[in-house]
Structure formats: C-alpha cells, structure tokens
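**Q** what follows is a predicted structure for the sequence shown.
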Amino acid sequence: MGHLSNHMINPQFDLFVIFKCAKIIWEKLEVTYGGDEAGKKKYVVDEWMCFQITDDKQIMEQVHVYENLCAEVLNENIKTCEVRQANVLIKKFPSSWNDYRNQLKYKKKDLTL
C-alpha cells in the first residue's frame, strides 16, 4: 500500500487515502485509469490490416515491422493462423511485386511466416 501511495500525485493520493487495503486501491485505479480491452484489440488489428509495404523503404525493415504487428495481434490473444498472416503479408506487397505476388498466391503448399 505504501508503494502505491508513494507513486501517486497529491490529488490522486487525496482520493485514495481513505482506502485501507492495497487491493481496493489497485482495483479503483484500474477502473478509473485502466484501458479499454476491446478498443486496444481493435487498434492492434487495424494497425495490422492497414500496414502496407512500399518501394521506397528497404523490404527487410518493413517485414520486421510486419512481424512486430503480428506479434502484437497474438499478444492480445487474437487467434489467427500463420497461413493467414502470410497471406495478408502477400496482399501488402506493392504493385511492382505483382508477378512475385501471383507466383506465391498460386503455390501448392501453405506459406507460413
């Protein structure tokens, strides 16, 4: 409890000093300042789906960004398989990669990251 109250600014401390249990203070703080889980999931998925590879940046840097976006999606416990992740990445290729995109799209075996 002392640890929580030491890290609060004065207006917060005044609000929470009346509670005698650290668990109650923590729950009140989480209700007041906690994030919206559904909103965060929507944001993460939107970032993943809106990602686009461009010709003006190095491909490996962009693939690394895409891998990080996939990791964020998985960290939010959003279920998606690697085949879908690979297919979404293929759709993100720039138009100059159309031949390679078509070659990958029509391969017989599943692609994974």
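**A** Arrived safely.
**Q** buried residues in stretch 80-99?
**A** Under the neighbour-count criterion of 16 or more other C-beta atoms under 10 Å, stretch 80-99 has 85, 88-90, 92-93, 97 buried. Quick note: C-beta positions are derived from backbone N, CA and C, even for glycine.
**Q** hmm, I typed the wrong one, I wanted stretch 39-47.
**A** 44-45.
**Q** what's in contact with that stretch?
**A** Contacts with stretch 39-47, where a contact means C-beta atoms under 8 Å, 6 or more residues apart in numbering, come from 69, 72-73, 76, 78.
**Q** give me the subset of those that lies in helices.
**A** 69, 72-73 (DSSP state H).
**Q** weed out the non-buried ones from the contacts of stretch 39-47.
**A** 69, 72-73.
**Q** nearest residue to D55 other than its sequence neighbours?
**A** P94 (5.1 Å; C-beta to C-beta, 6 or more residues apart in numbering).
**Q** ok, the one you found - contacts?
**A** 52-55 are the contacts of P94 under C-beta under 8 Å, 6+ apart.
**Q** at 10 Å instead, please
**A** P94 is in contact with 52-56, 59, 62, 101, counting by C-beta atoms under 10 Å, 6 or more residues apart in numbering.
**Q** so which of the buried residues of stretch 80-99 are in strands?
**A** Of the buried residues of stretch 80-99, none are assigned to strands by DSSP state E.
**Q** what's the closest of those to K105?
**A** I90 (6.3 Å; C-beta to C-beta).
**Q** ok, that closest one - contacts?
**A** By C-beta under 10 Å, 6+ apart, the neighbours of I90 are 53, 97, 100-105, 111.
**Q** what's the host helix or strand of H64 in contact with?
**A** Under the criterion of DSSP states H and E, H64 resides in helix 59-75. Applying C-beta under 10 Å, 6+ apart, the external contacts of helix 59-75 come out as 40-41, 43-45, 47-54, 57-58, 78-80, 82, 84-86, 88-89, 92-94, 97, 113.
**Q** name the helix or strand for the residue nearest to F93 when sequence neighbours are not counted, please.
**A** Among residues not flanking F93 along the chain, R101 sits closest, at 4.9 Å (C-beta to C-beta, 6+ apart). Assigned by DSSP H and E, R101 falls within helix 98-105.
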